[in-house]
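1. Have a look at this prediction, sequence included:
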Amino acid sequence: MMGIGTLIIFIAVILVAAVAAAVLVSVASNLQQRSLMTGIQTEEGIATGLEVVSVMATDGSVGSDVENFEVLVRLQPGSDPMNLNNTVLLMDTSANSESLSYNGTADSTDGGTAVDTAHFNVFYAKQGPDYKANYVSRGDIVKLKFKCYDCTAGDTGGVGENKKVRMKIIPRVGTPAIVEFTTPDVITDNRINLWP
């Protein structure tokens with residue numbers, strides 16, 4: 001009788017230990033999956049983004065100002081492809097701020113700028129090996145083109161002379177690209193390089 005009681009207790013201890021081990025393995029597996037997903041999301045958030053190569057502008061129709069902007073961008077090293085439909089471009093001056101979104105079309109001829117001031121247009125200056133429409137992928141060099149009319153309150157045109165401008169390109173996931181520059185003291189050329 002003592003042997004049977006001991007055997008029952010021994011089997012019960014083994015069953016409890018097996019259940020406890022199964023729970024621990026399940027919890028460890030769940031924690032591993034969560035930490036892996038968190039790591040992937042963190043890496044994506046840090047590594048994903050655009051690198052601004054240059055900012056150009058052309059003279060506006062009124063006075064000494066610039067209205068038509070071209071921002072040349074590419075993916076920063078290690079970045080995942082970026083969907084332009086989920087990207088916002090902010091343009092801030094001391095007097096005004098504009099928020100522009102992608103208008104959903106690529107200008108295949110590079111023949112102008114976006115017709116309104118609420119959107120930016122895209123021209124692929126170079127298509128990389130992983131080219132996909134409406135994305136900035138590895139190897140792509142892209143021009144973001146937009147018109148900034150009445151960017152400075154009280155002016156009748158674009159951004160005037162000696163004005164500080166801050167541009168921020170914000171993706172849905174990733175780090176924003178920020179560029180700050182000051183327009184020239186005297187704008188005499190029709191096309192000027194603003195940054196770098």
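-> Arrived safely. Numbering: from 1, shown residues only.
2. Could you report the distance from Val23 to Val16?
-> Between Val23 and Val16 the computed distance is 11 Å (CB to CB, to the nearest Å). (Each C-beta comes from the backbone N, C-alpha and C, glycine too.)
3. Which parts of the protein are helices?
-> Counting by DSSP state H, the chain has helices at residues 2-47.
4. from the middle of its chain, how far away would the worst-scoring helix or strand of the chain on mean pLDDT be?
-> Each helix and strand of the chain was given a mean pLDDT (mean pLDDT, DSSP states H and E); the minimum falls on strand 97-106 at a mean of 84. Centroid separation for strand 97-106 versus its chain: 13 Å, with CA atoms, centre = their mean, to the nearest Å.
5. Give the full set of residues in contact with the residue nearest the centre of the chain.
-> What sits nearest the mean C-alpha location of the chain, by CA atoms, centre = their mean, is Pro171, with 2.5 Å. Shown in contact with Pro171 (CB atoms under 8 Å, 6 or more residues apart in numbering): 48-50, 82-83, 86-87.
6. Quick one, which of the residues you listed has the minimum pLDDT?
-> Of all these, Thr48 has the smallest pLDDT value, namely 85.
7. Tell me who's in contact with the residue lying closest to that residue once chain neighbours are set aside.
-> Counting by CB to CB, 6 or more residues apart in numbering, Gly174 is the residue found nearest to Thr48 once chain neighbours are left out, at 3.1 Å. Shown in contact with Gly174 (CB under 8 Å, 6+ apart): 44-49, 79-80, 82.
8. Who wins on neighbours among those residues?
-> Met82 (25 neighbours; other CB atoms under 10 Å).
9. Surely that one is in contact with Leu75?
-> Yes: Met82 is in contact with Leu75 according to CB atoms under 8 Å; the separation is 6.8 Å.
10. before we move on, back to that, in the least confident helix or strand of the chain, which residues are buried?
-> Neighbour-count burial for strand 97-106, counted by 16 or more other CB atoms under 10 Å, picks out 98, 100, 102-103.
11. Tell me the one of the residues you listed nearest Ile141?
-> Tyr102 (16.7 Å; CB to CB).
12. what residue ranges in this structure score low on pLDDT?
-> Applying pLDDT under 70 to the chain flags the ranges 1-2, 60-63, 107-117, 149-157.
13. how about Thr58, what does it touch?
-> 66-68, 190-192.
14. right, and Ser94 touches Gly160 too?
-> No: taking contacts as CB under 8 Å, Ser94 lies outside contact range of Gly160: 10.7 Å.
15. Which one's more surrounded, those two?
-> Using other CB under 10 Å, the more surrounded residue of Ser94 and Gly160 is Gly160, with 20 against 11.
16. quick one: the more buried one from Asn190, how far?
-> Shown here: Gly160 relative to Asn190, a distance of 16 Å by CB to CB.
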